[in-house]
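Trainee: Have a look at this prediction, sequence included:
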Amino acid sequence: MKQFILAPLLVNALFAFDFNPQMQKYMQQLTQEAKKQNSNFSGFSYSRGEQIFTSKHIGKKGKMITCTSCHGDDLTQNGKNISTGKVIEPLSPSANPKRFTKVKSVKKWLRRNFRDVYTRTGTAQEKGDVITYIVNKK
Amino acid sequence: MKKIFVLLLVAGSLVYGDGWFEEGFSFGAKKAGVKPVDNKLYIEECGSCHFAYQPGLLPERSWKKLMANLEDHFQTDASLEEQDRKTLLAYLIKNSADKAHQYKRSKKIDRSIPSSQTPIAITQTPYFKHEHYEIPKRFIIQKEVRSLANCAACHTKADKGLYSESFIAIPNYGRWDDD
């Protein structure tokens, strides 16, 4: 029963995240591209994003790696770059308001990080899904 | 008061050896062994994954080679937009070790590399190897340091371009006395 009540709340939360104008435009572009690539596309998904962010893959270095290898499981906490040891500030905009404010930076890191983990760039749908996950994860 | 200050300087020069001349007190300020980074874009972009290495730590040919392959940068993707890549390469070239012989460390690094070689790691240059081969491995692989590439873990004023012995503190070891 509880789940029935929670489900609509969660969907609302997804749409509630308040992107600035340049990020809103970027999310719209990703939506359009995703529709073009997949006629069944019906919006970005938190759970697909979670799968993208937490699943393990043989990455660029030929070793198992996931997005959480550097960003951690709790996105409101600091992460640590597994290649260099340098601290990475929280990815969650709730803990770090600078995140997801500059399209240029988001594009750059998604390109780099997808290549490190998936040895390819992400599709529009994957990028939208993973952003949806990161900004809404509590 | 002044006398005490002078005395301290003299004592310092005895203790630190050539450090006094290279990076010691000149008119009260410390002269860097390598020119500190003075470019905001460089610190943002090249300091996001690791310490922002000073351009004066490698010669021009090394920076050109490194900046030509950022997609596969030490097995990680560090690719940039073309405009930013060009801006940063120009900054690196302008301040590279071969053009910064007025800085003692830059000169030594540059001179140590045979002209037939183009290392893209500072840690692979002969001068660097010569300065660091004596450090026991356990101090390098410990989690506070991890790798010799992590300059600032031991050189407490690395960001100011100050690498002399007076500014070295190895985690879980302390001051380094070279004798």
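Mentor: Right, received. Where do you want to start?
Trainee: CA only for contacts and neighbour counts going forward, please
Mentor: Will do.
Trainee: Can you pull out the low-pLDDT segments for the chain?
Mentor: You didn't pick a chain, so chain A it is. Residue ranges of chain A with pLDDT under 70: A:1-16.
Trainee: Chain B was what I was after
Mentor: Where chain B drops to pLDDT under 70, the residues are B:1-30, B:178-179.
Trainee: Relative to chain A, how far out is B:Lys65?
Mentor: B:Lys65 sits 20 Å away from chain A, going by C-alpha to the nearest C-alpha, to the nearest Å.
Trainee: Leaving out sequence neighbours, find the closest residue to the closest residue to chain B within chain A.
Mentor: Going by C-alpha to the nearest C-alpha, chain B is nearest to A:Arg112 of chain A, at 5.0 Å. Closest residue to A:Arg112 apart from its sequence neighbours, by C-alpha to C-alpha, 6 or more residues apart in numbering or on different chains: B:Asp77 at 5.0 Å.
Trainee: Do I have it right that the one you found meets A:Val117?
Mentor: No - B:Asp77 is beyond contact range of A:Val117, at 10.0 Å (criterion: C-alpha atoms under 8 Å).
Trainee: Compare the two and say which is more crowded by neighbours.
Mentor: Neighbours per residue (other C-alpha atoms under 10 Å in any protein chain shown) separate B:Asp77 from A:Val117, with A:Val117 holding more: 27 against 21.
Trainee: mind checking which helix or strand the more buried one is in?
Mentor: Applying DSSP states H and E as the criterion places A:Val117 in helix A:103-118.
Trainee: For that helix, list every residue counted as buried.
Mentor: A:Val103, A:Val106, A:Leu110, A:Arg111, A:Arg112, A:Asn113, A:Phe114, A:Arg115, A:Asp116, A:Val117, A:Tyr118 (16 or more other C-alpha atoms under 10 Å in any protein chain shown).
Trainee: cool, stretch B:137-146 as well?
Mentor: B:Phe139, B:Ile140, B:Val145, B:Arg146.
Trainee: Tell me the one among the residues you listed nearest to chain A.
Mentor: B:Arg146 (7.3 Å).
Trainee: Distance check, the residue in chain B that chain A sits nearest to against B:Thr118.
Mentor: With C-alpha to the nearest C-alpha, the shortest gap between chain B and chain A falls at B:Asp77, namely 5.0 Å. Per C-alpha to C-alpha, to the nearest Å, B:Asp77 is found 21 Å from B:Thr118.
Trainee: Could you pull out the helices in the chain for me?
Mentor: Just going to use chain A. Assigned by DSSP state H, chain A shows helices spanning A:2-16, A:21-37, A:46-54, A:68-71, A:103-118, A:124-136.
Trainee: not quite, I wanted chain B
Mentor: Secondary structure of chain B (DSSP H): helices at B:2-16, B:19-23, B:40-46, B:60-67, B:82-94, B:104-112, B:126-132, B:137-141.
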